[in-house]
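> pasting the structure only:
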């Protein structure tokens with residue numbers, strides 16, 4: 001069977017982005033339709049990008065009696081450096097260059113088959129599948145079109161054929177509580193995408209497991225950050241892989257007792273096999289030990305990490321609960337306290353930026369961006385403009401009930417805020433000029449206003465066009481971001 005999929009890079013900042021999160025559940029439904037024929041002895045899940053892997057996982061878990069192997073395609077070769085790409089986007093945002101120069105840079109960055117090379121949601125997916133034992137060991141970051149990639153593809157299908165028709169390593173057996181916790185550990189140790197604060201709870205629910213942001217915050221306190229990959233560092237996933245990649249990360253976590261070594265995997269040799277890097281030996285797939293990091297600007301041992309805790313923090317206060325990607329923000333910017341400027345559409349933020357209205361210390365609030373308001377779009381298109389303000393010396397932060405891309409970094413952001421503004425959440429009562437404190441040091445997200453004494457801003461009217469009205473059912477019945485933002489799972493009683 002086949003599933004539909006969205007490229008978040010193409011829809012970023014566009015109306016179609018409002019379908020993005022719900023495309024995950026659409027993929028899960030399509031997976032269910034394909035497997036409902038009950039004609040299969042095993043499942044090969046061919047997925048890489050943002051919503052595809054979580055959607056495949058959720059759908060396939062409802063057929064957990066089948067052996068299942070996830071088969072990635074790998075990242076494209078590196079193009080224009082991420083630093084150069086970021087600089088070009090900021091110059092475009094500030095009007096220093098035109099559209100032609102921007103497009104030339106983008107085409108040089110995303111130029112061939114494979115995932116985008118930054119460490120966003122797609123590549124975080126591949127990391128998690130390794131940490132859960134659902135890949136052939138080491139498959140995550142081998143480039144498409146190489147002999148090693150072809151060897152992995154053959155090995156995946158041969159392995160699936162060997163497991164098919166058995167009950168030895170079914171998906172339901174592999175995806176248990178320890179596997180889910182390993183996924184969280186990997187996410188935090190590598191500074192992975194904040195989108196997985198939504199996807200991990202959703203995938204866990206499909207397996208009958210409950211995990212929330214409190215659990216993730218507790219794990220983050222004891223798991224150090226051992227990797228820096230763009231947007232959390234300068235190098236991309238190809239450089240990460242060359243430095244030792246997932247084999248080094250898994251080995252460090254296992255040696256320190258920070259990951260579950262006894263999970264059941266799709267591979268005979270258990271999780272320890274994932275601490276070796278793949279090589280070709282006389283044309284055949286093999287594995288070799290990774291003793292040390294080959295680039296300590298990208299990978300460090302647990303004994304000398306980039307920071308002592310994980311790459312994501314939970315913020316709480318009178319505005320609700322939100323996620324903060326600490327791994328992507330300089331520590332001197334972990335605390336921002338400034339007057340709010342409130343918006344209800346990201347296009348209005350960009351207009352205010354261009355008009356010079358945000359040239360000051362400011363907490364930009366973008367509300368009515370939650371799952372029930374408009375599908376919880378990513379607001380990554382705001383990053384270049386907010387970064388320009390930050391570069392001018394202003395203290396800037398973003399607070400939103402929407403999402404940011406896994407590629408987002410640099411600017412402090414309290415995202416996925418729940419309860420969302422729609423329906424009278426605290427964010428709906430914030431006004432221009434209210435002083436908001438965003439503090440990743442103490443975990444505080446608060447506003448200096450008596451919200452109980454205020455009436456909420458009216459809910460926005462639902463938008464039509466580019467198919468948004470077709471997803472109104474998912475939007476209307478979605479539960480909160482911390483639960484996975486899924487009407488499908490909620491309606492199923494999962």
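Great, that's in hand. This one's a predicted model, so the numbers in the text were calculated from it and none came from an experiment. Numbers count the residues shown, from 1 in each chain.

> start and end of stretch 373-389, how far apart?
28 Å (CA to CA, to the nearest Å).

> which residues in the stretch 51-200 of the chain form strands?
Secondary structure of the stretch 51-200 of the chain by DSSP state E, counting those that start in this stretch: the strands cover 68-70.

> quick check: which ranges of it have low pLDDT?
The stretch 51-200 of the chain contains no residues with pLDDT under 70.

> surely residue 404 touches residue 412?
No: using CB atoms under 8 Å, residue 404 makes no contact with residue 412, being 11.0 Å away. Every residue, glycine included, has its C-beta placed from N, CA and C.

> now the terminal residues of stretch 450-460, how far apart.
From its first residue to its last, stretch 450-460 covers 23 Å (CA to CA).

> for the residue nearest to residue 46 when sequence neighbours are not counted, give its distance to residue 359.
Among residues not flanking residue 46 along the chain, residue 71 sits closest, at 5.3 Å (CB to CB, 6 or more residues apart in numbering). Note on residue 71: its distance to residue 359, by CB to CB, to the nearest Å, is 49 Å.

> for the two, indicate the residue with more neighbours.
residue 71 (21 against 13; other CB atoms under 10 Å).

> now for the more buried one: which residues touch it?
Neighbouring residues of residue 71 by CB atoms under 8 Å, 6 or more residues apart in numbering: 44-46, 135, 139, 152-153, 156-157.

> in ChimeraX, select just the buried ones from the residues you listed.
The following ChimeraX line selects those of the contacts of residue 71 that are buried, judged by 16 or more other CB atoms under 10 Å:
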select :44,45,135,139,152,153,156
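
> the contacts of residue 71: which two are farthest apart?
Using CB to CB, the contacts of residue 71 reach their maximum pairwise distance at 45 and 152, which is 14.2 Å.

> shared neighbours, residue 404 and residue 412?
residue 398.

> correct me, but residue 97 touches residue 89?
No: applying CB under 8 Å as the test, residue 97 and residue 89 come out as separate, 9.7 Å apart.

> residue 103: neighbour count?
Neighbour tally, residue 103, other CB under 10 Å: 12.

> state the distance from it to residue 439.
39 Å.

> check residue 357 too.
Residue 357 sits 25 Å away from residue 439, taking CB to CB as the criterion.

> over to residue 447?
13 Å.

> also residue 46?
In terms of CB to CB, residue 46 sits 42 Å off from residue 439.

> check residue 464 too.
Going from residue 464 to residue 439 by CB to CB gives 39 Å.

> pLDDT wise, what is residue 407 at?
Here the pLDDT value assigned to residue 407 is 69.

> can you check residue 204 too?
98.

> contacting residues for it?
With CB under 8 Å, 6+ apart, residue 204 has these contacts: 180, 210-211.

> how about residue 434, what does it touch?
339-340, 447-449.

> which residues in the stretch 201-350 of the chain form helices?
213-220, 237-242, 245-255, 346-354 (DSSP state H, counting those that start in this stretch).

> closest to residue 54 out of those helices?
Using CB to CB, the helices of the stretch 201-350 of the chain put helix 213-220 closest to residue 54, at 15.6 Å.

> quick check: mean pLDDT across that closest one?
97.

> what does stretch 366-373 give?
Mean predicted confidence for stretch 366-373 is 98.

> distance of the nearest residue to residue 211 once chain neighbours are set aside relative to residue 368?
Spatial nearest neighbour of residue 211, chain neighbours left out: residue 204 (4.8 Å); criterion: CB to CB, 6+ apart. Residue 204 is 28 Å from residue 368, where distance means CB to CB.

> same check, this time on residue 22
16 Å.

> kindly report the same for residue 23.
In terms of CB to CB, residue 23 sits 20 Å off from residue 368.

> which residues does the strand ranked longest in the chain contact?
The longest strand of the chain (DSSP state E) is strand 335-343. With contacts defined as CB under 8 Å, 6+ apart, strand 335-343 is touched by 349, 352, 357-358, 360-367, 395-397, 399, 412, 430-442, 447.

> show the buried residues in the residues you listed.
349, 352, 358, 362-367, 395-397, 399, 412, 430, 434, 436-440, 447.

> quick one on the thing from earlier: run the angle between the longest strand of the chain and helix 346-354 for me.
110 degrees (axes from the mean of the first three to the mean of the last three CA atoms, to 10 degrees).

> pLDDT weak spots in the stretch 351-494 of the chain?
In the stretch 351-494 of the chain, residues with pLDDT under 70: 406-407.

> can you give me the helices for it?
Under DSSP H, counting those that start in this stretch, the stretch 351-494 of the chain gives helices at 371-374, 383-391, 472-477, 487-492.
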